[in-house]
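> Take a look and give me a structure for this.
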Amino acid sequence: MRNPLSKNVVNIKPSGIRKFFDIVTEMKDAISLGVGEPDFDTPWHIREEGIYSLEKGRTFYTSNSGLKELRMEICHYLHRRFNLQYDYEHETVVTVGGSEAIDLALRAMVDPGDEVLIPQPCFVSYYPCTVLSGGVPVVIELKEENNFKLTRSELLSSITDKTKILILPFPNNPTGAVMDYDDLKDIVDIIIEKDLYVISDEIYSELSYGEKHVSIASFPGMRERTIVINGFSKSYAMTGWRLGYAAGPALIIEQMTKIHQYAIMCAPTTSQYAAIEALKNGDSDVEMMKDAYDKRRRYLVHAFNNIGLKCFEPFGAFYVFPCIKSLNMTSEEFATQLLLEEKVAVVPGTAFGDCGEGYLRISYAYSIDNIKIAMERIERFVSKHLPMTNR
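Residues are numbered from 1 along each chain as shown. Have a look, this model is predicted:
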């Protein structure tokens, strides 16, 4: 028989995020700090709206782009929160999570051979989705000394005559880094001069702990060359509802919607009705959850620094990215031995790109009680494995 599999797909590595978590589910008293999923339940008034939609028999397909009322609320939200203005009819599409929106944007915009700039460490989907779209991923290695931000010089040195798209992953998963107004302003002129397009993944936009999040699409000349990706999973604790969206130029959104139409048809109807309620009345829920994350964030940064592991201070998302280079272990070795010896699951930094070596991603989307127990175990593990010269 001939080989039934696509070489393109076979050559893509599986996601490194969930590698350890099949083991965790079978391990008694194990604590997982690995998955980026809020520990909060979806707020009751949002769940209630989903339940009500089922009781009313709203189990039909929606339009391919999504419910009109939801797209209108998305546009209202983007305007009031980030000063972005979009036409709900032609410049938005509702997707199955932010992940589908990323895939749609790349498939709609990339021709074979087009280069896509991917700052790493970053979310695991960008690289394989670029490959699947026929594009050529070009990695830009972000550095801790630059606070894991994309710098002007790093961007300039990575652009060739084949570069078409820059993926902008801020607030960042896994580092928690953010790019503020001045950081973005520093690269906007390069993007315009080199005629690049931007896929701005802003799924963590509400989880910013310093200055308010700024979208690159709000800068003059950037709206027409930016696809803004966002969703409901992180801000509203709606991961299992699988709902996201994209906003951008009608020319691009039209093609994204066409792919969505053939591959998916429409996002889940029940989820869309719940999301309308989230956007209308969910601001206080977001603030409550953000305050809780902020307390956990500050606790973890302090705790890691206290046990001798330098920890970059994140100002976005819900992850810390401590450095483990002092232990003379790879990220994979640390994560594996920590799980086996102390029953704590974390994600090796290399799951987010080779430049993540020497780091771990720790999610603080877990209860503070579990986080404290996990840190006691991590401290015990570190004290056991820290070389004598570093004590």
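> so where's the stretch 251-391 of the chain uncertain?
388-391 (pLDDT under 70).
> ok, now with 50
389 (pLDDT under 50).
> Quick one: the helices in the chain, in order.
Along the chain, the stretches classed as helices by DSSP state H are 7-10, 21-25, 44-55, 68-82, 97-109, 126-132, 152-158, 181-193, 250-263, 269-281, 283-306, 331-342, 368-385.
> How about the second one, which residues are buried there?
Neighbour counts using 16 or more other Cβ atoms under 10 Å place 21, 24 of helix 21-25 among the buried residues. C-beta coordinates here come from the backbone N, C-alpha and C atoms, glycine included.
> on that earlier part again, among the helices of the chain, which is the most enclosed?
helix 97-109 (a mean of 24; mean count of other Cβ atoms under 10 Å).
> Kindly export that one (C-alpha atoms) in CSV.
Provided in CSV are the C-alpha atoms of helix 97-109 (Å, rounded to 0.1, in the frame of the first residue of the first chain):
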residue,chain,number,x,y,z
GLY,A,97,-11.8,29.6,19.7
GLY,A,98,-8.9,31.9,19.0
SER,A,99,-7.0,29.0,17.6
GLU,A,100,-9.2,28.6,14.6
ALA,A,101,-9.0,32.3,13.9
ILE,A,102,-5.2,32.1,13.8
ASP,A,103,-5.4,29.2,11.4
LEU,A,104,-8.0,31.0,9.2
ALA,A,105,-5.9,34.1,9.0
LEU,A,106,-2.8,32.3,7.9
ARG,A,107,-4.6,30.1,5.3
ALA,A,108,-6.4,33.2,3.9
MET,A,109,-3.2,35.3,3.6
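> Show residues contacting it.
93, 95, 116, 125-126, 129-130, 132-133, 135, 164-165, 197, 199, 201, 203, 227, 229-231, 233, 242-246, 248, 252, 255-256, 258-260, 264 (Cβ atoms under 8 Å, 6 or more residues apart in numbering).
> closest to residue 212 out of the helices of the chain?
Judged by Cβ to Cβ, the one of the helices of the chain that comes nearest to residue 212 is helix 68-82, at 8.5 Å.
> and the helices of the chain as TSV, adding distance to residue 37?
Formatted as TSV, those follow (distance: least, Cβ to Cβ, whole Å):
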stretch	distance to residue 37
helix 7-10	26
helix 21-25	11
helix 44-55	16
helix 68-82	22
helix 97-109	12
helix 126-132	20
helix 152-158	31
helix 181-193	28
helix 250-263	24
helix 269-281	16
helix 283-306	12
helix 331-342	18
helix 368-385	13
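> of all those, which lies closest to residue 318?
Short answer: helix 283-306, nearest of those by Cβ to Cβ, at 5.0 Å.
> Mind giving me the packing neighbours of that closest one?
Packing partners of helix 283-306 (3 or more Cβ pairs under 8 Å, 6 or more residues apart in numbering; DSSP states H and E): strand 311-312, strand 319-322, helix 368-385.
> which one of those lies closest to residue 343?
helix 368-385 (7.0 Å).
> what's next to the closest one, contact-wise?
Helix 368-385 is contacted from outside by 31, 33, 292, 295-296, 299-300, 303, 307-309, 327, 329, 337-338, 341-344, 364, 366, using Cβ under 8 Å, 6+ apart.
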